[in-house]
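Asks: Predicted model, plus sequence, below.
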Amino acid sequence: LVLFGAGNLGRRTLAGLRKIGIEPLCFIDNNKARWGEHLDGLPVLSPLETATLHGDHATFIVTVWGASGSDRMSTRVAQLRHLGCKSVIPFVPLYWRFPKVFLPHYTIDLPHHVHMQADRVWQGFRLMADELSRREYLAQLRFRLLGDFECLPAPVGGPMYFRDDMFALGHAETLVDCGAFDGDTLSLFLERTGNSFESVIGFEPDPTNYAKLLDRVKLLPPEVRRRIAIHPVATGESYANVLMDVGNGAASQIGNGDYEVECVALDSMLNDVPVTLIKMDIEGSELATLAGGQKVIRQSKPVLTISAYHCQDDLWNIPLFIHSLNSEYSFHLRPHMLEGWDLVCYAIPEGRRR
């Protein structure tokens with residue numbers, strides 16, 4: 001095996017292969033600065049050199065897939081085939097072959113798990129409110145079943161979370177930002193509202209992200225800053241102390257690691273707060289956080305903009321759970337980055353739809 005891509009996914013794949021006693025020949029990478037290095041004890045070579053040495057007998061596994069990608073899986077595969085590599089596959093079949101080692105990984109999980117939830121899959125599809133959302137849902141479903149990267153539509157243009165084509169931002173918005181990261185969503189919200197809003201309540205448990213978020217808030221005018229409250233805690237279904245894998249930027253998540261953080265339920269933090277908008281991008285904790293905020297959602301009926309790409313079944317379980325809280329929501333799916341990344345489920349209550 002040769003691993004094409006010496007980034008996070010490549011290193012994750014290498015670690016998993018070593019757990020089952022498989023040692024790849026090398027990494028290859030398009031970054032010339034890495035050629036000649038050893039990464040986790042494995043040499044990093046150029047694609048051309050490696051294709052010349054191993055192209056006729058090795059299997060080349062493409063381990064490039066991330067939120068910052070600017071090309072498609074088909075382009076990566078075509079590059080290696082053009083160099084004469086006879087066997088080239090994406091990482092997905094390898095992950096399916098050794099599920100106990102590699103899965104789940106974001107939306108990638110065993111396809112039969114989708115079939116086991118067939119009734120809920122169809123129920124989720126029937127909730128989609130427009131043709132673009134239905135097409136996106138079916139494409140995302142195909143991706144989960146077949147690992148077909150080419151079926152995924154191109155990202156939509158325009159802002160993430162605050163979609164003028166779906167709902168208008170008023171001057172009395174109270175935004176709850178779960179997974180506030182370094183303040184990127186906050187900055188976009190301030191830009192879209194022209195600093196005219198009621199309040200912002202943010203949650204960010206990663207200490208590095210939290211420090212960056214605070215630094216950004218400190219630069220704001222005092223009259224804006226006083227309406228923003230930031231909490232260094234995670235969100236979930238109930239109060240608990242949880243372990244967290246920190247230091248991974250936007251990908252930091254609770255559930256593993258050795259850093260202990262406080263986890264709170266939105267219902268306990270937002271008692272009697274007239275919330276109008278909730279955003280979540282919390283690395284797989286979205287459903288638990290929705291469950292911990294169901295009282296707020298039932299009472300305030302806020303616009304919900306929820307990431308739906310961290311788990312295989314978030315595609316249908318997120319809209320189905322929200323629908324169970326309030327049947328008046330309409331549901332829309334929009335991809336904001338290539339190959340399934342930053343897929344957002346927009347739940348718009350009656351009275352705020354455009």
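Replies: Sure thing, it's come through.
Asks: After the helix or strand of the chain with the lowest mean pLDDT, which helix or strand is next? Please name it.
Replies: The weakest-scoring helix or strand in the chain, judged by mean pLDDT, DSSP states H and E, is strand 253-254 (a mean of 77). From strand 253-254 onward toward the C-terminus, using DSSP states H and E, the following helix or strand is strand 259-264.
Asks: Go ahead and name everything in contact with that following strand.
Replies: Strand 259-264 has contacts (C-beta atoms under 8 Å, 6 or more residues apart in numbering) with 203, 205, 207, 231-236, 238-246, 254, 292. All C-beta spots, glycine's among them, are computed from the backbone N, C-alpha and C.
Asks: do stretch 76-83 as well
Replies: Residues contacting stretch 76-83 (C-beta under 8 Å, 6+ apart): 4, 5, 47, 48, 51, 55, 60, 62, 64, 88, 89, 90.
Asks: Closest to residue 147 out of those?
Replies: For the contacts of stretch 76-83, the residue nearest residue 147 by C-beta to C-beta is residue 90; the value is 6.5 Å.
Asks: Quick check: closest non-adjacent residue to the closest one.
Replies: residue 62 (4.9 Å; C-beta to C-beta, 6 or more residues apart in numbering).
Asks: and that neighbour, bridged to which residues?
Replies: residue 4, residue 90 (DSSP bridges).
Asks: just to revisit the earlier point, packing partners of the least confident helix or strand of the chain?
Replies: With contacts defined as 3 or more C-beta pairs under 8 Å, 6 or more residues apart in numbering; DSSP states H and E, the packing partners of strand 253-254 are strand 240-245.
Asks: And the helix or strand harbouring residue 81, what's buried?
Replies: Applying DSSP H and E as the criterion places residue 81 in helix 73-82. Along helix 73-82, these residues count as buried under the neighbour rule (16 or more other C-beta atoms under 10 Å): 73, 76, 77, 79, 80.
Asks: Tell me the one among the residues you listed nearest to residue 160.
Replies: residue 73 (22.5 Å).
Asks: wait, what's in contact with that closest one?
Replies: 62, 64, 65, 90, 149, 150, 339.
Asks: What of residue 153?
Replies: 135, 136, 139, 335.
Asks: What about those, which are in strands?
Replies: residue 335 (DSSP state E).
Asks: Show me which of the contacts of residue 153 are buried.
Replies: 136, 139, 335.
Asks: And residue 231, how close does it get to residue 174?
Replies: 15 Å (C-beta to C-beta, to the nearest Å).
Asks: And residue 57, by the same measure?
Replies: 61 Å.
Asks: Between those two, tell me which one has more neighbours.
Replies: residue 174 (19 against 10; other C-beta atoms under 10 Å).
Asks: Next, the more buried one: phi, psi?
Replies: When read as degrees, to the nearest 10, the backbone of residue 174 gives phi -120, psi 110.
Asks: How about residues contacting stretch 184-203?
Replies: 159-162, 169, 171-180, 213, 216-217, 220-221, 224, 227-231, 233-235, 264, 269-270, 273-274, 276, 279, 281.
Asks: Please settle this for me: is residue 237 part of a strand?
Replies: No - using DSSP: H, G, I helix; E, B strand; the rest coil, the secondary structure at residue 237 is coil, not a strand.
Asks: hmm, back to that, buried only: go through the contacts of strand 259-264 for me.
Replies: 203, 205, 231-236, 242, 244-246, 254, 292.
Asks: Pick out the lowest-pLDDT one from those.
Replies: Among those, residue 254 carries the lowest pLDDT, at 78.
Asks: hang on, the earlier thing: closest to residue 120 among the buried ones among the contacts of strand 259-264?
Replies: residue 292 (21.1 Å).
Asks: show me what contacts the closest one?
Replies: So, once contact is read as C-beta under 8 Å, 6+ apart, residue 292 ends up touching 235, 236, 237, 238, 264, 265, 266, 267, 268.
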